[in-house]
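>>> starting from these lines, generate the structure:
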Amino acid sequence: MRRTIATGLGVLAVANLLNNRVARRWAPLTSAAATGALLLIARREGLSWPELGFRGARAGAATGGALAAAVAAGYAAGVALPRTRPLFLDQRALALSRRRVLEEALVQVPLGTVLLEEVGFRGVLPALLGRVLPARTAVAASAALFGLWHVLPALDMARANPALGRLAAGEDPAPRDGGRGGAEKGRLAAGEDPGDCRGSVEAGRPAVGEDPALGVGRRGGVEAGRLVAGTVASTAVAGLVFHGLRHRAGLLAPALLHVATNSLGYAAARVARRLDDRRAGPAGRDQASPGRASPVR
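From the prediction side, this is the model:
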């Protein structure tokens, strides 16, 4: 059984690297293959479909749908408030064309992210760990691994969403320049991958104290470290919450909540930018335009 668990963890580790660093656009295929491999491993160990969370579709749809609506309401409130709006200005969404935004929200998130994470961390992994550990310990271990799974995405977030980095560092998340945060001033050039936000935050030149290869200064490195640590901790807690939903209503409930949390973030980023532009007026738009990220076609 320990060898089987190690094999499952290996499948997840390879998929994580491929989806976050090697072949991001192919994440739906990678995740589908990894999900199939994990289910095959679990079934060969004699785990039943209900043990893996495949049950209660009606209850899962009702619970997950209600939670998704709550997420939408929370995002709407956060975007509407100037104090929290900078948290939604994420270049991974703002640098995309409309077609790519739809692809991310409707394909990449459900199939490239949620499918593997829910089946892997709420279905297969806790069930396998439950064969060698007490039930609560197995759930806690799976949640902790879910937190560590987000180290690479958190590094991307630190580069693409400086407001969250400032918040994690215990600072005011509002942009220091009164309009756009440093990395929000046009780090992403046309044709670049929005998830790969390496490089300068100012016109392609490394700022003082920055490593040009990483695009992270000494201060930025501290903020990024805090953001990564905060992301790992918060997603581990989210893993416990999601597992509770899975226990009560099957895998569909946390899956719907997960999709809403991630996919609606793209819409929230676009609305937040429009509200910022409207608030700044023509002069603010003209000043910000040189640093605006060009859409990736």
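>>> I'd say Pro82 and Ala272 touch.
No: here Pro82 does not reach Ala272: they are 10.0 Å apart, not a contact under Cβ atoms under 8 Å. Every C-beta, even on glycine, is put in place using the N, C-alpha and C of the backbone.
>>> assumed Pro82 was part of a strand.
No: looking at Pro82 with DSSP: H, G, I helix; E, B strand; the rest coil, it is coil, so not inside a strand.
>>> Gly46 - how many residues pack around it?
For Gly46, the neighbour count with other Cβ atoms under 10 Å is 8.
>>> now the one 3 residues further on
Trp49 sits with 12 neighbouring residues when counted by other Cβ under 10 Å.
>>> same deal with Leu94?
22.
>>> tell me the pLDDT of it.
With respect to pLDDT, Leu94 scores 89.
>>> for it, give its distance to Ala76.
18 Å (Cβ to Cβ, to the nearest Å).
>>> then Ala138?
Ala138 is 37 Å from Ala76, where distance means Cβ to Cβ.
>>> number of residues surrounding Arg274?
Other residues close to Arg274 by other Cβ under 10 Å number 11.
>>> correction: Arg136
9.
>>> buried sites along the strand or helix carrying it?
Assigned by DSSP states H and E, Arg136 belongs to helix 135-149. Within helix 135-149, the residues that count as buried by 16 or more other Cβ atoms under 10 Å are Ala138, Val139, Ala140, Ala141, Ser142, Ala143, Ala144, Leu145, Phe146, Gly147, Trp149.
>>> with stretch 238-253 instead?
Ala238, Gly239, Phe242, His243, Leu245, Arg246, Ala249, Gly250, Leu251, Leu252, Ala253.
>>> CA atoms of it as PDB?
C-alpha atoms of stretch 238-253 as PDB (Å, rounded to 0.1, in the frame of the first residue of the first chain):
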ATOM      1  CA  ALA A 238      -9.500  25.000   2.200                       C
ATOM      2  CA  GLY A 239      -8.700  21.300   1.600                       C
ATOM      3  CA  LEU A 240     -10.200  20.500   5.000                       C
ATOM      4  CA  VAL A 241     -13.300  22.500   4.100                       C
ATOM      5  CA  PHE A 242     -13.600  20.900   0.700                       C
ATOM      6  CA  HIS A 243     -13.200  17.400   2.200                       C
ATOM      7  CA  GLY A 244     -16.000  18.200   4.600                       C
ATOM      8  CA  LEU A 245     -18.200  19.000   1.700                       C
ATOM      9  CA  ARG A 246     -17.100  15.900  -0.100                       C
ATOM     10  CA  HIS A 247     -18.000  13.800   3.000                       C
ATOM     11  CA  ARG A 248     -21.500  15.300   3.200                       C
ATOM     12  CA  ALA A 249     -22.400  15.700  -0.500                       C
ATOM     13  CA  GLY A 250     -19.900  13.800  -2.600                       C
ATOM     14  CA  LEU A 251     -17.200  15.200  -4.900                       C
ATOM     15  CA  LEU A 252     -19.600  17.400  -7.000                       C
ATOM     16  CA  ALA A 253     -20.100  19.900  -4.100                       C
END
